[in-house]
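Undergrad: When you get a sec, could you give me coordinates for this:
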Amino acid sequence: MSIAPTDTAPQPTHPLKVHNFRAYWFARLSMTLGQYAMMLIIGWQTYNLARDSGMSVAGASGQLALIGLLQFIPLFLLSPFAGLAADRFSRTLLGRLTILLQLGCAALLAWLTWNGSLTLPSLFAVAIVLGIVRAFNGPALSALAPNLVPKAILPNAIALSSIAWQAGMIVGPAVGGYTYAILPSLPYLIACVLFLLAIVALSTIGNVPRSVIVGAQRPIGQIVDGVKYVVHNKMVLGAITLDLFAVFLAGATALFPVYARDILQVGETGLAQLAMAPAVGAALTAVFFSFRPLRTNVGPKMLWAVAIFGVATIVFGFSTYMPLSLAMLFIVGAADMFSVYIRQSLVQLHTPDDKRGRVSSASLLTISASNEGGDAWSGWLASLVGPVAAVVAGGVGAIVTVALWSTLFPVLRTTRTFDPPPELDEEYPEERLQENIP
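TA: Predicted coordinates for the structure are as follows:
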């Protein structure tokens, strides 16, 4: 259930007509720009420090795996508590605090890079802090978005929020790669400014209504309630875990530094282009859905999108021709965004507001397992069988996952619209609200 105003005033017809959502959208855009500018350079510096110290391609790939693992472990351990925090405390305050910590990480890396004292251990330490920060940042901001707009325009808001995210994924790597070529510390300095802008934008969001937590009153009991809801709701569980296993197996982003330096041999500017290509495909898909929301056969289309994601990953893995590699990554991004748009809409609309923080943390945990955990898996597998075999095997794994999930979760094949079951609104009436003061 989403939270809508209860007065008789005309309801807004587009999310960007709502001030709170505009501020949220700008904050997410600025934060994502800073994150992806910073993370691209962290991976690039990690791989180059390892290679320049005499490590082989396999050994340096293992260092990339370690970066992913160090981010994933705190996310895995803290996500249940982070989801509870998003349901119990001010989501805007949590967002501001976590972005402030990211600003501190960017400032530290800028200083270390500037004075030439950057080391692999320092990069690993920052990766751990970023994992902790993202454990709390993701559930808070994901659960906040549905509170800002009426339910009728929530799918449009999700698409627009995805545009901010994807635009950050497009421009962020470009900022990181091209400014690094000018001055290695510059990407981190720009990230500091972007994080500061995001904090200011979130600070302009006014009072946000949300539901009182229903059920267990003790924190551990509330965490368990959230987990039970995910497990018992086959739609939510199937959609979340489909993304988990497909992207975990087929994640090639961690190996972009390997492809840029040793396979395609395109340097840091080529690295930026590799990182931008899937984001461009995803952003264009999100723009399309913001104006023409998907309404029919949503479940089957999500399954087909993940299958196409796997096929494009296989072709990218084999490619040694930069234009073909970029084209396949564009398709990877578009297919992934198609799936993400459907999955996020289903999860948000099939989850009562009082549980959105905890369900968002479960969703974040699977996303993190698929992204950071997938990075660790890809790097480790590449260290054993080589980067090409690792990427191709991942694409095959994504296709196999689609076949299995269409059998294990038949509801994904039969879901036609985003509409939640009527009993959801009956169990969680809208009058059970409290003011969440940021």
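
Undergrad: Nearest residue to Pro15 in space, please, no chain neighbours.
TA: Once flanking residues are discounted, Pro15 sits nearest to Ala157: 4.0 Å by C-beta to C-beta, 6 or more residues apart in numbering. For the C-beta atoms, the positions are set from N, CA and C on the backbone; glycine is no exception.

Undergrad: Which residues are in contact with the one you found?
TA: Residues in contact with Ala157 (C-beta atoms under 8 Å, 6 or more residues apart in numbering) are 15, 21, 145-146, 148-149.

Undergrad: rerun at 7 Å
TA: For Ala157, the contact set (C-beta atoms under 7 Å, 6 or more residues apart in numbering) comprises 15, 21, 145, 149.

Undergrad: residues in contact with Cys401?
TA: Small correction: residue 401 is Thr, not Cys. In this structure, Thr401 makes contact with 242, 245-246, 249, judged by C-beta under 7 Å, 6+ apart.

Undergrad: what helix or strand is it on?
TA: Element membership for Thr401 (DSSP states H and E) is helix 387-408.

Undergrad: how about the CA coordinates for that helix, as PDB?
TA: Below are the C-alpha coordinates for helix 387-408, written out as PDB (Å, rounded to 0.1, in the frame of the first residue of the first chain):
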ATOM      1  CA  PRO A 387      38.000 -13.400 -17.600                       C
ATOM      2  CA  VAL A 388      36.400 -14.500 -20.900                       C
ATOM      3  CA  ALA A 389      35.300 -17.900 -19.600                       C
ATOM      4  CA  ALA A 390      34.000 -16.300 -16.400                       C
ATOM      5  CA  VAL A 391      31.800 -13.800 -18.200                       C
ATOM      6  CA  VAL A 392      30.500 -16.400 -20.700                       C
ATOM      7  CA  ALA A 393      29.700 -18.900 -18.000                       C
ATOM      8  CA  GLY A 394      27.800 -16.200 -16.100                       C
ATOM      9  CA  GLY A 395      25.600 -15.400 -19.100                       C
ATOM     10  CA  VAL A 396      24.700 -19.100 -19.500                       C
ATOM     11  CA  GLY A 397      23.900 -19.200 -15.800                       C
ATOM     12  CA  ALA A 398      21.500 -16.300 -16.100                       C
ATOM     13  CA  ILE A 399      19.600 -18.100 -18.900                       C
ATOM     14  CA  VAL A 400      19.400 -21.300 -16.800                       C
ATOM     15  CA  THR A 401      18.100 -19.200 -13.900                       C
ATOM     16  CA  VAL A 402      15.200 -17.900 -16.000                       C
ATOM     17  CA  ALA A 403      14.200 -21.500 -16.900                       C
ATOM     18  CA  LEU A 404      14.300 -22.700 -13.300                       C
ATOM     19  CA  TRP A 405      12.500 -19.700 -11.900                       C
ATOM     20  CA  SER A 406       9.700 -19.900 -14.400                       C
ATOM     21  CA  THR A 407       9.100 -23.400 -13.000                       C
ATOM     22  CA  LEU A 408       9.800 -22.800  -9.300                       C
END
